[in-house]
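> Sequence first, then the predicted structure:
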Amino acid sequence: EMPANNLNLAIDPGCDSEQENRESEDTQSQPFPGPSMFPKSSSILNVAIRLGGHIVGILSLEHIGAPRQWGLSERTFADALANLVALAIEGFERQRAQEALHKAKSQLEITVEQRTSQLTAANKLLRIEIAERKRAEIALQEALHKAEAASRAKSTFLANMSHELRTPLNAIIGYSEILEEIAVDDGLKYLIPDLHKISGAGRHLLTLINDILDLSKIEAGRMELYLESFDLRNLIEEVVATLHPLVEKNRNQLQVSCSPNLGVMYADLTKVRQILFNLLSNALKFTEAGTVLLSATREQAGSSDWIYLRVADTGIGMSAFQQQGLFEPFIQGDASTTRKYGGTGLGLAISRLFCQIMGGDITLESQLGVGSTFTVHLKAKVDICE
């Protein structure tokens, strides 16, 4: 058998990075990293294939024949060949990396294009939605302006109409009172009850028209304040005296408590009287054989003196549900109360509006079957700017 040299190559990224080029005449002591193709090899020259400072494979030269030493030229050739293999591997890895980069770039471009398309579509939808909202806001604003204009027109109409109704109604009331006096003087007693009903119904209707007139004036922004100084205790006594028939009708007890420092109040006398009259008449109307307490106090809060008028009754009271919207016009606690006790539901609404235009308010505490307490908060000296 003739001597021969054979080349064997093993690529293993996990090779020992400390392994050096080795030469051996003993194939058993220097095994090739893998099954040898030439079991009869007598001399082996292993050359490390290095890439990036790491051994990635082994280039093995095997000699078949008598054992021998490898020459310098053979070693140089083996090193050069190992370097060529390393360059080839590096080129392959670079190409594979470039292909992966190109694939990733293409995928990224597709993803970006998809996202851009989605964002463009979303942006278009958003612009459409914004435009629709703007149109809706404009339409809503226009509708609001129309509603406000209609409300002002309605309030103006009611104010004017109320004036037109009050003139003939006052004439009817006046003539009925004159006829009632004549009937008394002439001894026509059988006419007196009917004439009394006419005048009573006229006064009730006049009160209703006055309430509507006040409400329409407030809504139309035409309500004016006429401020003056007056003795609050005298006003309370006047209102209590006016309501005395209602106290007796429902067999109630009306108790009045005024603090010693109540003194003089500077406000719209007519409106304060109407507020007090509305609250007391309601308390007396919804209480039967019970007690109505009116307390008036003067207290200091901050730099101002405040008047507190509290009207507490032991009447039918209200549930939390019945109290909702109680201060809204034409609203009463329950439809059944309207049928039984009458009324239009304007008194509390007007009273609260009067308080508010004078810089105050009305609060309510009530319990069904126990009673109600209305509290009026008003400055002792109302400012005209309120």
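It's in. Note that the structure is predicted; figures quoted are calculated from it, not measured. Numbering: from 1, shown residues only.

> Count the neighbours of Ile44 for me.
Per other C-beta atoms under 10 Å, the neighbour tally for Ile44 reads 24. Heads up, the C-betas are built off the backbone N, CA and C, glycines and all.

> Check which helix or strand it maps to.
Assigned by DSSP states H and E, Ile44 belongs to strand 41-51.

> Could you pull up the mean pLDDT of that strand?
Average pLDDT, strand 41-51: 83.

> and the very next helix or strand once past that strand, what does it pack onto?
Per DSSP H and E, strand 41-51 leads on to strand 54-64 as the next helix or strand towards the C-terminus. For strand 54-64, the packing partners by 3 or more C-beta pairs under 8 Å, 6 or more residues apart in numbering; DSSP states H and E come out as strand 4-11, strand 41-51, helix 72-186.

> just how off-centre is the strand holding Ile44 within its chain?
Relative to the centre of its chain, strand 41-51 is centred 81 Å away, using C-alpha atoms, centre = their mean, to the nearest Å.

> Strand partners (parallel or antiparallel) of it?
strand 22-24 (antiparallel), strand 54-64 (antiparallel) (DSSP bridges).

> ranking these by burial, who's on top?
strand 54-64 (a mean of 20; mean count of other C-beta atoms under 10 Å).

> Now do that one against helix 72-186, angle only.
If you take axes from the mean of the first three to the mean of the last three C-alpha atoms, to 10 degrees, strand 54-64 sits at 150 degrees to helix 72-186.

> Near Ser259, how many other residues are there?
By other C-beta under 10 Å, the residues close to Ser259 number 14.

> ok, now which ones touch it?
The contact partners of Ser259, by C-beta atoms under 8 Å, 6 or more residues apart in numbering, come to Ala296, Thr297, Arg298.

> Turn the strands paired with strand 41-51 into JSON lines, columns for mean pLDDT and distance to Ile275.
As requested, these are exported to JSON lines (pLDDT from 0 to 100; distance: least, C-beta to C-beta, whole Å):
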{"stretch": "strand 22-24", "mean pLDDT": "46", "distance to Ile275": "115"}
{"stretch": "strand 54-64", "mean pLDDT": "84", "distance to Ile275": "98"}
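
> could I get these as JSON lines with distance to Leu368?
Formatted as JSON lines, the strands paired with strand 41-51 follow (distance: least, C-beta to C-beta, whole Å):
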{"stretch": "strand 22-24", "distance to Leu368": "106"}
{"stretch": "strand 54-64", "distance to Leu368": "91"}
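
> Can you check which of those gets nearest to Phe277?
Smallest distance to Phe277 across the strands paired with strand 41-51 (C-beta to C-beta): 104.4 Å, for strand 54-64.

> what separates the closest one from the chain centre, distance-wise?
When distances are taken as C-alpha atoms, centre = their mean, strand 54-64 is centred 79 Å away from the chain's centroid.

> And for stretch 128-137?
Offset of stretch 128-137 from its chain centre (C-alpha atoms, centre = their mean): 20 Å.

> Ok, stretch 298-308 next?
34 Å.

> Report how far apart the opening and closing residues of that stretch are.
Stretch 298-308 has an end-to-end distance of 6 Å (C-alpha to C-alpha, to the nearest Å).

> what does it contact?
232, 259, 261-263, 265, 295-297, 360, 375-381.

> one more time with 6 Å, if that's ok
Residues from elsewhere that reach stretch 298-308 (C-beta atoms under 6 Å, 6 or more residues apart in numbering): Ser259, Asn261, Leu262, Met265, Thr297, Leu378, Lys379, Ala380.

> Name the residues of that stretch that are buried.
Judged by neighbour count using 16 or more other C-beta atoms under 10 Å, the buried positions of stretch 298-308 are Arg298, Trp306, Ile307, Tyr308.

> which one of those is nearest Asp194?
Closest approach between the buried residues of stretch 298-308 and Asp194, by C-beta to C-beta: Ile307, at 43.5 Å.

> Nearest residue to the closest one in space, please, no chain neighbours.
Using C-beta to C-beta, 6 or more residues apart in numbering and skipping the chain neighbours, the partner closest in space to Ile307 is Leu378 (4.8 Å).

> I figured Ile49 hits Asn83, correct?
No - counting by C-beta atoms under 6 Å, Asn83 is not a contact partner of Ile49; they are 8.3 Å apart.

> Which of those two has more residues huddled nearby?
A direct count of neighbours by other C-beta under 10 Å for Ile49 and Asn83 places Ile49 higher, at 23 against 14.

> can you pull the contacts of Val370?
For Val370, the contact set (C-beta under 6 Å, 6+ apart) comprises Gly317.

> let's see 8 Å
Counting by C-beta under 8 Å, 6+ apart, Val370 makes contact with Thr314, Gly317.

> can you list the domains in the chain?
4-70, 143-219, 227-379 (automatic domain parsing).

> and the second one, average pLDDT?
Domain 143-219 shows a mean pLDDT of 81 in the predicted model.
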